[in-house]
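Q: how does the following fold in three dimensions:
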Amino acid sequence: MTKKTKVNAAILIIGNEILSGRTQDTNTSTIASWLNSIGVRIKEVRIIPDIEKTIIDTLNVLRKENDYVFTSGGIGPTHDDITAKSVSNAFGIKYEIHKEAFKILEAYYKPGEFNEGRQKMVWMPEKAELILNPTSGAPGFSIENVFCLPGVPSILKSMLGGLKNKIVGGEPILSHTISLRTVESEIANSLTKVQNQNKDVEIGSYPFFHAGKLGVSIVLRSDNQVRIDNCNSQILKFIKEKKIEVVDR
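A: Below is the predicted model of the structure:
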């Protein structure tokens, strides 16, 4: 892939435990923040159950519509960890023991501990490239533009650094936040006017509650600092006219 200004990705969170509310998803934020820092924009995020057909159908849509797809979850040793098999079927390729992964885990565990359940973690799509795991041994894998990572947040986070040379991003996405002591309705029209004049800057407004008072944070995002600065000036101008207080969060 040649370097271009806008590179996009989708995040696919796989797991019944996320949908049931038993486990909170923090991996979306971790992956998105990391990708933004290397110039990859998140186009969409989906959360789906551990159902093979759902994984296959969703993955086949996402991998065709995005430069990259990152999956999280379903590559562990238990019966409901079916991501690797589903990815193999999505690509229509063989599901087999990855010899290098086998050697890594065989060396990682003490003699006799590399049992049948743990050996399940070395089954991957044919010719998958490994994503090394510095935390718990068991590697993730990639095939074409799909990168499959574990669901455990601390392990996933530790594996991202090893992917930097495999991801070609665009210009890093910059951001600037202005926090105000106001409500969204008070600034909505003015903010819309600024957005209409700055199509190449993404403007988001997010209410917050701090020290017993309501406020709104305005977040400006772009790959160009000058555009952010111009947008910031326009917002500060109408804030001053409306006599709205800027707060430090």
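Q: hey, C-alpha coordinates of stretch 122-133 in PDB?
A: Output of stretch 122-133 as PDB, limited to C-alpha atoms (Å, rounded to 0.1, in the frame of the first residue of the first chain):
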ATOM      1  CA  VAL A 122      -1.400 -22.400  17.700                       C
ATOM      2  CA  TRP A 123      -4.200 -23.200  15.100                       C
ATOM      3  CA  MET A 124      -4.300 -20.400  12.600                       C
ATOM      4  CA  PRO A 125      -5.100 -19.600   9.000                       C
ATOM      5  CA  GLU A 126      -2.500 -21.000   6.600                       C
ATOM      6  CA  LYS A 127       0.500 -18.700   6.000                       C
ATOM      7  CA  ALA A 128      -0.600 -16.300   8.800                       C
ATOM      8  CA  GLU A 129       2.100 -13.900  10.100                       C
ATOM      9  CA  LEU A 130       2.500 -13.900  13.800                       C
ATOM     10  CA  ILE A 131       2.000 -10.900  16.100                       C
ATOM     11  CA  LEU A 132       4.400 -11.500  18.900                       C
ATOM     12  CA  ASN A 133       3.100 -11.400  22.500                       C
END
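Q: which of the helices or strands spans Leu220?
A: Taking DSSP states H and E as the criterion, Leu220 maps to strand 213-222.
Q: nope, Ser205 is what I meant
A: Going by DSSP H and E, Ser205 is in strand 202-210.
Q: so for that strand, mean pLDDT?
A: Mean per-residue pLDDT for strand 202-210: 92.
Q: summarise which helices and strands that strand is packed against.
A: If you count contacts as 3 or more Cβ pairs under 8 Å, 6 or more residues apart in numbering; DSSP states H and E, strand 202-210 packs onto helix 184-197, strand 213-222. Heads up, the C-betas are built off the backbone N, CA and C, glycines and all.
Q: between the shortest one and helix 184-197, what angle do the directions make?
A: Here strand 213-222 points in a direction 10 degrees away from that of helix 184-197 (axes from the mean of the first three to the mean of the last three Cα atoms, to 10 degrees).
Q: identify all contacting residues around strand 213-222.
A: 173-184, 187, 191, 200-209, 228, 231-232, 235, 247, 249 (Cβ atoms under 8 Å, 6 or more residues apart in numbering).
Q: orientation of the longest helix along the chain relative to helix 184-197 in degrees?
A: Assignment by DSSP state H gives helix 225-241 as the longest helix of the chain. Here helix 225-241 runs at an angle of 140 degrees relative to helix 184-197 (the same axes, to 10 degrees).
Q: what residues sit buried inside helix 225-241?
A: Buried residues in helix 225-241, counted by 16 or more other Cβ atoms under 10 Å: Arg227, Ile228, Asn230, Cys231, Asn232, Gln234, Ile235, Ile239.
Q: please pick the buried ones from the contacts of strand 213-222.
A: By neighbour count, with 16+ other Cβ under 10 Å, the contacts of strand 213-222 hold 173-174, 176, 178-180, 182, 187, 191, 201-203, 205, 228, 231-232, 235, 247 as buried.
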